[in-house]
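Asker: okay, here's the prediction I keep looking at, along with the sequence it came from:
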Amino acid sequence: MEDLKDVQSEPDFRDISIDKAGVKDIRYPIVVLDRENGTQATVASINMFVELPRHFKGTHMSRFVEILNEHHVNINLQSFISVLDTMMARLDAESAHLEIEFPYFIKKRSPVTSTPGLMEYYCRMLGSTSGDGRYDQVLEVSVPVTTVCPCSKEISNFGAHNQRGLVKVAVRFKRFIWIEDIIEIVEDEASCDVFSVLKRPDEKYVTERAYENPKFVEDMVRDVAKRLKEDDNLTWFSVDAENFESIHNHSAYAHVDITR
């Protein structure tokens with residue numbers, strides 16, 4: 001084979017290190033852990049970066065995809081450290097960063113008729129490591145919810161405005177945590193959870209349940225945070241709640257960030 005010149009490995013003389021260099025938005029099939037079924041196949045958007053020392057002109061972009069090819073059937077919270085270590089070793093880097101975003105599906109039955117449907121939740125796994133042996137992992141899950149405005153219910157002669165909202169929970173943890181655990185906490189604390197399929201008896205149920213359980217975005221972040229604080233496995237978490245208001249042309253928003 002012809003000996004081709006490797007320009008990326010040539011020295012650079014500008015004396016500037018680059019914090020992150022790599023590949024972004026790789027669409028790739030992966031297999032993640034599923035609490036009910038063992039595993040679940042999905043399609044992820046993946047970012048992979050390393051720190052580039054000041055004396056290197058560039059990093060080897062193809063090696064990121066090679067590493068992904070080696071690990072794609074085992075991408076989960078438990079395998080993150082292995083992937084990050086491989087990135088550092090293969091790319092001769094002092095730090096590595098991995099970001100994976102993917103849709104996650106759960107079979108969910110409607111509350112009255114038990115009609116099955118698949119609910120979609122967007123998840124992110126973020127990981128990084130450095131040469132000193134420290135690792136950082138974050139799991140983020142986005143959960144759609146229904147909320148009813150307590151103020152609207154209080155001041156109206158009948159009815160109250162409701163809307164769909166989105167609650168994002170990000171956690172750092174000491175031991176493995178299931179995606180489903182986070183989803184269940186958020187849905188439990190909403191005015192009502194969201195379903196992909198509803199028959200008329202189901203629609204009656206969710207409408208009345210939400211009406212009897214009004215929540216501001218402030219209530220959502222506080223109630224979810226209270227539940228998360230009870231879990232000693234978590235070392236840090238953040239909760240974002242956004243309501244896509246039905247009677248305003250803006251969203252309502254609240255955020256809390258707690259380190260244990």
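Answerer: Arrived safely, thanks for sending.
Asker: can you give me the helices in the stretch 1-150 of the chain?
Answerer: Applying DSSP state H, counting those that start in this stretch to the stretch 1-150 of the chain gives helices spanning 61-71, 80-90, 150-155.
Asker: check which element follows the shortest one along the chain.
Answerer: What it means is helix 150-155. Using DSSP states H and E, the next helix or strand after helix 150-155 towards the C-terminus is strand 162-173.
Asker: in that following strand, which residues are buried?
Answerer: Using 16 or more other C-beta atoms under 10 Å as the test for burial, strand 162-173 gives 162, 163, 165, 166, 167, 168, 169, 170, 171, 172, 173. Glycine gets a C-beta too; all of them are placed from N, C-alpha and C.
Asker: right, and the helix or strand after that strand?
Answerer: Following strand 162-173 toward the C-terminus (DSSP H and E): helix 179-189.
Asker: count the neighbours of residue 32 for me.
Answerer: The number of residues packed around residue 32, counting by other C-beta atoms under 10 Å, is 20.
Asker: surely it touches residue 102?
Answerer: Yes - when contacts are counted by C-beta atoms under 8 Å, residue 32 is listed as touching residue 102 (7.0 Å).
Asker: find residues that contact each of those two.
Answerer: residue 42 (C-beta atoms under 8 Å, 6 or more residues apart in numbering).
Asker: strand partners (parallel or antiparallel) of the top strand by length along the chain?
Answerer: Taking DSSP state E as the criterion, the chain has its longest strand at strand 18-34. Looking at strand 18-34 with DSSP bridges, its paired strands and their directions are strand 38-52 (antiparallel).
Asker: what about residue 248, distance to residue 149?
Answerer: With the distance defined as C-beta to C-beta, to the nearest Å, residue 248 ends up 10 Å from residue 149.
Asker: the more surrounded of the two?
Answerer: Each of residue 248 and residue 149 had its neighbours counted (other C-beta under 10 Å), and the higher figure belongs to residue 149 (23 against 11).
Asker: can you report how many residues neighbour the nearest residue to residue 111 once chain neighbours are set aside?
Answerer: In space, residue 111 comes closest to residue 205 once its chain neighbours are excluded; the distance is 5.1 Å by C-beta to C-beta, 6 or more residues apart in numbering. Using other C-beta under 10 Å, residue 205 has 18 other residues around it.
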